[in-house]
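**Q** Need the 3D shape of this:
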Amino acid sequence: MRIRKWGYGRLTAKVYWTTAIGFLAFVTLFMVLQLLFFQPYSIKVRSSELEDDFRSMYEGIRDRPLDEQWMGELVDFDVAHYSLTGVVHKQGMLVDVYLGTRELKAYPMRKARIGEQMKVQLVMANPWQKVIPAVPVTPSMPVHPDEETSNKTAPIRTVAAVSWYSLDAMRLNDLLEEKLTDMLLSPMSQGITAQLFNEGIGVDSKKERVWAAIAPLAPENGQERYLVTVSTLEPVSDAASLLGGFYRYFYIAAVIMLLGFAFLFSRMISNPLVKLNHAAKRLAKLDFSVRTDMKREDEIGELAQTFDYLATELRDTMGELQEANDQLQLDIEKEKQLEQMRKRFVANVSHELKTPISLIQGYAEALRDNVGQGAKRDKYASVIIHESERMSRLVHDLLDLSQLESGKFRLQWSAVPLREHMMFVLGTLEPMANDRGFQMEWLCAEDELFVRSDPQRLQQILTNVLTNAIRYTGEGDRIQVTVRPVSRSVEEHGMQGASDGVSTVSWVQISIFNSGLPIAEEHLPYIWDAFYRPDESGSRGHTGNGIGLSIVKHLLDMHGSRYSIGNVEGGVEVTFMLPVIPQSEA
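**A** So this is what the prediction gives:
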């Protein structure tokens, strides 16, 4: 599998620049929108608040008589809204504005007059007060009523000098001179007229924004009366201007902070993904030991846990597959060996069948042709019978092996006298030993032992083992059969048919030793396999057909027996065990 190699840090760069550009775009948009709309929005909100508060104050005082509390509320309103509010008395083009007895900060200034304007006089007194006439005063100097003239009935007013107007007074004076008529002609909204002047008023206004409102009061002594207020919105503009200057420095600091934050954020996101990518590459190279070891509670942590789980499952699965593959290789090798053994077996069986068939055919033809008389004819008949029996045994062995390997074979269990069967089998095979010129020794107690077995199959076991020993025993050698009792644990060896709960049972061990050359070590693991025979080119003489010991193996397995074959000093020994039945149960 070809893996595409990405440049190192590509994911980090993508996350970094995406985050940085996104945050910078957001901050830039936020600042631009604020610079464009902050001032208009603030002015609108400020105007709306002034209008609502002025209307609320007007509705609360318009039906009340003028007194100190009435004028005090005007002062409170001015303090709260940085405005100047007064009571206007208008008669024709003459306008008097009463501001109460508050102190105003005064500045020396000159005011140019252009064209015909209303004659506005700002009076630093309450409307009901009598003051000394024609004495110019500054707003910073309090005005006191003269006790000697307090009884005069003519209304007397003190007019502040034009050269000492305060900024608020100038703003109010210019508003009344320039805009009073227009405001009085403007339609009212819920009893008041409010207006925003974006270009300011007056020659010396410096284009400041001014908000003004006027509301009618009840007329008095033939004079029109109004409640008027004026407030500058220049602080809002100044704040917007200062905000624009501040944003230059703020933007530089924000860029530096956002780039640093984007770097940390990109590393936080990309580092675990890069680590997962490296782990995945190792996993792709079949390194199932790789683990991410991430302790996170987010989605990346869940991905890492899933990756670790996948690596573990793949490791276990690959381990199982490897074991299965190894076993398959062993089975294939064994199958190859088995196939070779079958081929050799077929060749051997064909050879063994060919000889007796030829003998049977030859002697049968001689009998048919009346060749020979008397003893010679009897010899011919004996050869035919012997070879027929040999072929019959071979066929029966093949059938037995087939049933044993299929698992359908069943033993007929009973108490079998071991000594009696051993003597019978030894007696049957003794002529073969005598013909080969070696001795057969029998080492067994005189007392009979009963074993749990199948009589016919026990004879088959003894016959096959002894026959195999006889085949590999030469002249002058010996075969020794030893029988001795032993004990084994039921749980350890799992003897079939044991259900009496006894923890140990008695067994008898049968050892069959034949002197001579040992078996080559490479043959020992396969001695019990079907169709297997040691190399016939060796010096152990004539071999069998490779079925007898395989049948013995299957029968001993059904007895729950331990069995072995191996080289010992002076020859080869086959050992197997059979379960003993007590004399009382026999």
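
**Q** so what are the domain limits for the protein?
**A** Taking automatic domain parsing as the criterion, the chain consists of the domains 44-239, 411-493+501-581.

**Q** Select, out of these, the one closest to Lys14.
**A** Distance to Lys14, taken as CB to CB, is lowest for domain 44-239 among these, at 40.6 Å. For every residue, glycine as well, the C-beta is placed using N, CA and C.

**Q** about what we covered before: with distance to Gly245, mean neighbour count and mean pLDDT added, can I get the domains of the chain in a markdown table?
**A** Shown next, in a markdown table, are those (distance: least, CB to CB, whole Å; neighbours: other CB atoms under 10 Å; pLDDT from 0 to 100):
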| stretch | distance to Gly245 | mean neighbour count | mean pLDDT |
| --- | --- | --- | --- |
| domain 44-239 | 11 | 16 | 69 |
| domain 411-493+501-581 | 95 | 17 | 83 |
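
**Q** Out of those domains, flag the one nearest Ala324.
**A** Among the domains of the chain, the nearest to Ala324 by CB to CB is domain 411-493+501-581 (22.0 Å).

**Q** show me what contacts Phe288?
**A** Ala311, Thr312, Leu314, Arg315, Met318 (CB atoms under 8 Å, 6 or more residues apart in numbering).

**Q** ok, now Ala194?
**A** Ala194 makes contact with Ser47, Leu50, Glu51, Phe54, Trp211, Ala212, Ala213 under the criterion CB under 8 Å, 6+ apart.

**Q** mind checking the SS state of the second one?
**A** This means Leu50. helix (DSSP: H, G, I helix; E, B strand; the rest coil).

**Q** surely it meets Val210?
**A** No - counting by CB atoms under 8 Å, Leu50 sits too far from Val210 to count as a contact (11.0 Å).

**Q** so what sits against both of those two?
**A** By the contact definition CB under 8 Å, 6+ apart, Leu50 and Val210 are jointly contacted by Ser231.

**Q** What segments of the stretch 1-150 of the chain are strands?
**A** Assigned by DSSP state E, counting those that start in this stretch, the strands in the stretch 1-150 of the chain fall at 83-91, 94-98, 119-123.

**Q** Tabulate the ones you listed (CSV), appending distance to Phe438.
**A** Output for these, formatted as CSV (distance: least, CB to CB, whole Å):
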stretch, distance to Phe438
strand 83-91, 141
strand 94-98, 154
strand 119-123, 155
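
**Q** Where does pLDDT dip in the stretch 251-400 of the chain?
**A** 341, 345, 348-349, 351-352, 372 (pLDDT under 70).

**Q** Break down it into its helices, ranges please.
**A** With helices called from DSSP state H, counting those that start in this stretch, the stretch 251-400 of the chain shows them at 299-368, 375-406.

**Q** tell me the angle of the longest one relative to helix 375-406?
**A** Using axes from the mean of the first three to the mean of the last three CA atoms, to 10 degrees, one finds that helix 299-368 and helix 375-406 are set 170 degrees apart in direction.

**Q** How about Val88, nearest residue that isn't a chain neighbour?
**A** Residue nearest to Val88 in three dimensions, not counting chain neighbours: Tyr226, with 4.2 Å by CB to CB, 6 or more residues apart in numbering.

**Q** Can you list the strands that the helix or strand containing the one you found pairs with?
**A** Element membership of Tyr226 [criterion: DSSP states H and E] is strand 223-232. Next to strand 223-232 in the sheet, as set by DSSP bridges, lie strand 83-91 (antiparallel), strand 210-220 (antiparallel).

**Q** Pro525 is nearest to which of the helices of the stretch 251-400 of the chain?
**A** Of all those, helix 299-368 comes closest under CB to CB, at 10.5 Å.

**Q** what's the closest one packed up against?
**A** With contacts taken as 3 or more CB pairs under 8 Å, 6 or more residues apart in numbering; DSSP states H and E, helix 299-368 sits against helix 234-284, helix 375-406.

**Q** Dump these to JSON lines, plus distance to Thr292.
**A** Output for the helices and strands packed on helix 299-368, formatted as JSON lines (distance: least, CB to CB, whole Å):
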{"stretch": "helix 234-284", "distance to Thr292": "5"}
{"stretch": "helix 375-406", "distance to Thr292": "51"}
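
**Q** Please name the nearest non-neighbouring residue to Leu443.
**A** What sits nearest to Leu443 in space, not counting adjacent residues and going by CB to CB, 6+ apart, is Thr482, at 4.5 Å.

**Q** Do I have it right that the one you found meets Ser511?
**A** Yes - if you go by CB under 8 Å, Thr482 and Ser511 touch, sitting 4.5 Å apart.

**Q** Quick check: nearest residue in space to Gln439, chain neighbours excluded?
**A** Using CB to CB, 6+ apart and skipping the chain neighbours, the partner closest in space to Gln439 is Arg478 (4.5 Å).

**Q** so what's the one you found up against?
**A** Counting by CB under 8 Å, 6+ apart, Arg478 has contacts Phe438, Gln439, Met440, Glu441, Asn514, Ser515.

**Q** farthest pair in those residues?
**A** Met440 and Ser515, at 11.6 Å, using CB to CB across these.

**Q** any residues in contact with both of those two?
**A** Common neighbours of Met440 and Ser515 (criterion: CB under 8 Å, 6+ apart): Arg478, Ile479.

**Q** Top of the contacts of Phe288 by number of neighbours, please.
**A** In terms of neighbours by other CB atoms under 10 Å, these top out with Ala311 at 20 neighbours.

**Q** now it: how far from Ala284?
**A** Distance, Ala311 to Ala284, by CB to CB, to the nearest Å: 11 Å.

**Q** Also Leu36?
**A** The gap separating Leu36 from Ala284 is 54 Å, by CB to CB.

**Q** And Met183, by the same measure?
**A** Remark: distance between Met183 and Ala284 (CB to CB) = 83 Å.

**Q** now do Asp397
**A** According to CB to CB, Asp397 and Ala284 sit 56 Å apart.

**Q** How about Ala215?
**A** 84 Å.

**Q** Check Asp454 too.
**A** 60 Å.

**Q** What of Arg55?
**A** Taken as CB to CB, the span from Arg55 to Ala284 is 77 Å.

**Q** rewinding a little: CA atoms only: put the strand holding Tyr226 into PDB for me.
**A** Extracted C-alpha coordinates of strand 223-232, given in PDB (Å, rounded to 0.1, in the frame of the first residue of the first chain):
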ATOM      1  CA  GLN A 223     -46.600  86.600  27.700                       C
ATOM      2  CA  GLU A 224     -46.000  83.300  26.100                       C
ATOM      3  CA  ARG A 225     -44.200  80.900  28.400                       C
ATOM      4  CA  TYR A 226     -42.200  77.800  27.400                       C
ATOM      5  CA  LEU A 227     -39.900  75.300  29.000                       C
ATOM      6  CA  VAL A 228     -36.800  75.000  26.900                       C
ATOM      7  CA  THR A 229     -33.600  72.800  27.200                       C
ATOM      8  CA  VAL A 230     -30.500  72.500  25.200                       C
ATOM      9  CA  SER A 231     -27.800  69.800  25.500                       C
ATOM     10  CA  THR A 232     -24.600  69.300  23.500                       C
END
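
**Q** Okay then, goodbye and thanks.
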